[in-house]
Each structure stands twice: as C-alpha cells, then as structure tokens.
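Engineer: would you be able to build a 3D model of this:
(chains A, B and C)
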Amino acid sequence: MTATETPEAAPVPPTERLHAPVLAWFEQHARDLPWRRPEAGAWGVMVSEFMLQQTPVSRVLPVYEQWMARWPRPAALAAEAPGEAVRAWGRLGYPRRALRLHGAAVAITERHGGDVPSDHAQLLALPGIGEYTAAAVASFAYGRRHPVLDTNVRRVFARAVTGVQYPPNATTAAERRLARALLPDDEATAARWAAASMELGALVCTARGEDCGRCPIARACAWRLAGKPAHDGPPRRGQTYAGTDRQVRGKLLAVLREATAPVPQAALDAVWHDAVQRARALDGLVADGLVEPLDGGRYRLPSA
DNA sequence: TAAACGTGGCC
DNA sequence: TGGCCAAGTTT
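Structural biologist: Numbers count the residues shown, from 1 in each chain, chains lettered A, B, ... in the order given. Here you go, the predicted structure:
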C-alpha cells in the first residue's frame, strides 16, 4: 500500500488491473504480422501456429509467405505429397510439424469440408494440434473464448500474478486455473486478451530480460514488487543437443530436401561419420514417415 | 512424467 | 564461446 492510493478506492479485482492496461498497450504496440491480417483466414492462423511452435517469428515469416502463396487453402496442401510439405518447410526445424500440418490439411478436407474447424475439440483431434494450438486457432481465428497458455503467457502470469521469475517446466493445473480465472467474460475481449498477453510476453516481459519501463502493468506486477527474486525452483529444462540423433537426422533430411531425384545411400553416408548412429537416425526418419526408402538403397521424401 | 524432436541467433 | 531461448506435441 502506498501513499498515492486513495483510501476510499474500492478493492479492485486483480483482473481489472491487468486487462485494460494490457489491452490498451496491445492496441498501440501489436506487431503487424501477416497471420493477424483479415486475409490470412483461419487457415493462415493455423499454418502460422504450426510454424511458430518453438520457432521465432523472424524465421517463420518468409516460409509462411511462400507456404500460403502455394497452398492458400487446406485442400491445396492435402492434394500434395507429404514430402512436398517437408521440402517447403525448409530449415524451420522439427520437420514432423510439416508432416502433421499436411495430415491436418487432409483431415480438414475429408472431415470438415475443407474449412478449418472452430470447435476446440475438433481442432484438438487434428494431428500436430495440442492444447495450446487448439485454443490459439479457436481464439485468434474465430474469436472464441479460450485460455491460451503458451510460454509467453505463462511467463507473464508467473511474474505479474504469482510473483516468480519463471513458470514451472511443465504447465500445471494451477496455471490453467489461473489462466481461466483471468480470462475476460466477454468473448471478443477474451480473444483480444489472449493475443495481448502473449504479445506482452514476446516483446516486453521476455525470458532474456524484462523491460519494465515499457510494461503497462509494471505497477501491479507481483514479481517486480517483490524485488524480482531470482528463480529458485528446479533448474529450467534444457535441451539436449549437438552430437545427438537430432543433429544427424537434420543433416540427412537436408540432403533429401535439396534433391529432386531419389538419393543413393552413398550421398547420405557422407553426412555423418558414425555409421551406427547414422543408420539409427535414418531408421528413425523412415519410422516417422519423413523419409521413404526405395529399392536399391535409395531414399526420398515421402510420396504418400 | 520425462525425453525426443531442428535450427539459428543472441549475449 | 556456448548455454539459453523461440507462439509445443507426442509417446
């Protein structure tokens, strides 16, 4: 309690202190991203959500534009070989997302008449769509009221409301309750809030370094008010890396993406010295449906 | 629940 | 230099 607060002021629900400032800030500072424009449609929103999973906006932008120009509707992508989706995915990473997006396009074409469903449960049933993406598409594309709990929102809530620097490694029931409690009652406002709170985490309240001077809710932020205590819980989950199968898979798939004709075994053998690991990685790619083995020890991206 | 799953830029 | 981080999903 500070001297600047008027004694007669009625207790303000926490949500009231967050919604208006964040929404006003978003109005002023929201990025003009292509998937936020009306012409993107639900399919554009969905494509962007697949690409943005664990991938920065800057790297998604060019691939998104090419993708939408080539496959403006789900049916267009569904008509292609899945390997074409993997090829167009380029170096975005996690290429299984491309396969799943293709699979989702096929399912949408078969089950939903070619239109991206607006129902959360129907979205969730599509390959590659989990809790977050289903809520994001329903909210951003159709204005539905869903808690959209991505890494940005979780960090904003952890700081502003819970008063800790970082959220737990895995999304908890408490976080879901909080997100639900903070969701504005009005449907259109809820959708706006979802985008706004996410944008705040992406632009101002970031993992690397928060910029409280630009934060619309700095005065109400529990973490800042507590003196920004350092993260204390279990270590934040790191990502395994170099030397793993992932790296080998990436190198193998890069060769196949560039090739226009089936690739002989020898071309793949050249990308990694360890034959055992190389074979394991290739087997994994085949098992995942990212690579199609042909007779004569040749390989290509999946044709079906 | 934890681990696997790509890639590249930043500090 | 290299660990951290980026609009997660699946098994």
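
Engineer: quick check: closest non-adjacent residue to the closest residue to DNA strand B within the stretch 151-300 of chain A.
Structural biologist: Nearest residue of the stretch 151-300 of chain A to DNA strand B: residue A:250, at 1.6 Å (Cβ to the nearest atom of the strand). C-betas here are computed from N, CA, C, even on glycine. Computed as Cβ to Cβ, 6 or more residues apart in numbering, the closest residue to residue A:250 that is not its neighbour in sequence is residue A:93, at 7.9 Å.

Engineer: check residue A:89 too.
Structural biologist: residue A:98 (3.7 Å).

Engineer: show me the strands in chain A, by range?
Structural biologist: In order along the chain, chain A carries the following strands (DSSP state E): A:263-264, A:292-294, A:298-300.

Engineer: strand partners (parallel or antiparallel) of the second one?
Structural biologist: Looking back up the chat, that one is strand A:292-294. For strand A:292-294, the pairing partners within the sheet under DSSP bridges are strand A:298-300 (antiparallel).

Engineer: what's the mean pLDDT across the strand it pairs with?
Structural biologist: For strand A:298-300, the mean per-residue pLDDT is 98.

Engineer: for stretch A:120-129, same thing?
Structural biologist: When pLDDT is averaged along stretch A:120-129, the result is 98.

Engineer: check whether that stretch comes into contact with DNA strand B.
Structural biologist: No. Looking at stretch A:120-129 against DNA strand B by Cβ under 7 Å from any atom of the strand, there are no contacts, and the closest approach is 11.1 Å.

Engineer: for that stretch, measure first residue to last.
Structural biologist: With Cα to Cα, to the nearest Å as the measure, stretch A:120-129 spans 10 Å from end to end.

Engineer: what are the contacting residues of that stretch?
Structural biologist: By Cβ atoms under 8 Å, 6 or more residues apart in numbering, the residues outside stretch A:120-129 that reach it are A:50, A:96-97, A:100-101, A:103-104, A:107-108, A:112, A:116-117, A:130-131, A:133-135, A:137-138, A:144, A:146.
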